[in-house]
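Participant: Sequence below, structure please.
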Amino acid sequence: MKQAIIDTDTLSFFFRGNRKVVSKIDKYLIEYGFIHISIIVYIKNYNLWLFGSCVE
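Facilitator: Now for the predicted structure:
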């Protein structure tokens, strides 16, 4: 498996508990120990956690 940047959709599926995505991210974490996300993905998800919606 190659290192990759996780996109917003994949992260959303992970937080929703999509088994296929959770399994792949678990395998990725075992291999690399952390995930890579862009600052854009971070800010969008931070706004979701903080405000409950995506503020752009």
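Participant: all contacts plus neighbour counts: C-alpha atoms, from now on.
Facilitator: Noted.
Participant: mind checking which helix or strand the spatially most central residue of the chain is in?
Facilitator: Compute the mean C-alpha point of the chain, and by C-alpha atoms, centre = their mean the closest residue is Leu11, 2.6 Å away. Leu11 belongs to helix 8-15 when assigned by DSSP states H and E.
Participant: Go through that helix and flag the buried ones.
Facilitator: 8, 11, 14 (16 or more other C-alpha atoms under 10 Å).
Participant: That one - contacts with which helices or strands?
Facilitator: With contacts taken as 3 or more C-alpha pairs under 8 Å, 6 or more residues apart in numbering; DSSP states H and E, helix 8-15 sits against helix 19-32, helix 39-51.
Participant: what are the pairing partners of the next helix or strand after the longest one, and which direction each?
Facilitator: Beyond helix 19-32 in the direction of the C-terminus, DSSP H and E gives the next helix or strand as strand 36-37. On the basis of DSSP bridges, the sheet neighbours of strand 36-37 come out as strand 5-6 (parallel).
Participant: which ones are touching Asp7?
Facilitator: 37-38, 41 (C-alpha atoms under 8 Å, 6 or more residues apart in numbering).
Participant: Which entries within those residues meet the buried criterion?
Facilitator: Buried among the contacts of Asp7 by 16+ other C-alpha under 10 Å: Val41.
Participant: Low-confidence ranges, this structure, go.
Facilitator: In the predicted model, the chain carries pLDDT under 70 at residues 52-56.
Participant: rerun at 90
Facilitator: 1-2, 8, 12, 15-16, 40-56 (pLDDT under 90).
Participant: Make a markdown table out of the contacts of Asp7 and add distance to Val21.
Facilitator: Listed next are the contacts of Asp7 as a markdown table, based on distance: C-alpha to C-alpha, whole Å:
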| residue | distance to Val21 |
| --- | --- |
| Ile37 | 15 |
| Ser38 | 18 |
| Val41 | 17 |
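Participant: Please identify which of the contacts of Asp7 is nearest to Arg19.
Facilitator: Ile37 (19.9 Å; C-alpha to C-alpha).
Participant: Test my guess that the closest one contacts Ile6.
Facilitator: Yes: counting by C-alpha atoms under 8 Å, Ile37 touches Ile6, with 5.2 Å between them.
Participant: To Met1, which of the helices and strands packed on helix 8-15 lies closest?
Facilitator: helix 19-32 (7.5 Å).
Participant: Fine by me, we can end here.
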